[in-house]
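Asks: okay, predicted coordinates and the sequence, questions at the end:
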Amino acid sequence: MRRELVALAVALPVLAIGFAIVRSERQLARSNEFVFAIGGYDPRDLLKGHYLQFRLRARDLPTREACDGSNGQTCCLCLMRTGRNDPVELTRATCATATDQCDGALAERYLSTSLRYYIPELEAPSLDQQLADAMQHEAATAVLAIDGPDRVQVRELRLYGVAIAAPR
């Protein structure tokens, strides 16, 4: 009985990690990719690992459809592609409209949420500075995999049009 409990105690965390990886990969496989301009640079949070943190950049968003969150409506960003590597055009709308009439929908709260991209520890100081420089010149973009308004993952960061190498 004791041996079985030890085996179970070892197997459960491994299974949980495997499940999380499979779930993440499935979401990436069925999601659509969108390119966003990024800004609002935040320094890395060393307590949570080596991440480049950023926010989506959006200025003076036009309204496609009036959305008032106090009425129980869920507000989203309507995503319209402008080109393969160009940032999407964003307008405000209800999530129902954005889902039905746009190339993609993203919950409006993501405009005020910091997103993170993991980088290797040895490259952190250099990439940290490169990201700050690219944001200052408005030459930083993020490719997000979106599978519904609230299902978002950062696929890659691009500085001056060149993708930051994903960690091995």
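Replies: Looks like it came in fine. Numbering: from 1, shown residues only.
Asks: tell me the contacts of the residue nearest to residue 150 when sequence neighbours are not counted?
Replies: Closest residue in space to residue 150, ignoring its immediate chain neighbours: residue 107 at 5.2 Å, by C-beta to C-beta, 6 or more residues apart in numbering. Yep, even glycine has a C-beta here, placed from its N, CA and C like the rest. By C-beta atoms under 8 Å, 6 or more residues apart in numbering, the residues touching residue 107 are 74-77, 95, 149-150.
Asks: kindly list the longest strand within the chain.
Replies: Longest strand of the chain, by residue count under DSSP state E: strand 32-42.
Asks: mind listing residues that contact that strand?
Replies: The contact list for strand 32-42 (C-beta under 8 Å, 6+ apart) reads 53-58, 79, 81, 85-88, 103-104, 106, 114, 131-132, 135, 138, 140-147, 155, 157-158.
Asks: need the buried ones from the residues you listed selected in PyMOL.
Replies: This is the PyMOL syntax for the buried subset of the contacts of strand 32-42, where burial follows 16 or more other C-beta atoms under 10 Å:
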select buried, resi 53+54+55+56+57+58+79+81+87+88+104+106+131+135+140+141+142+143+144+145+146+147+155+157+158
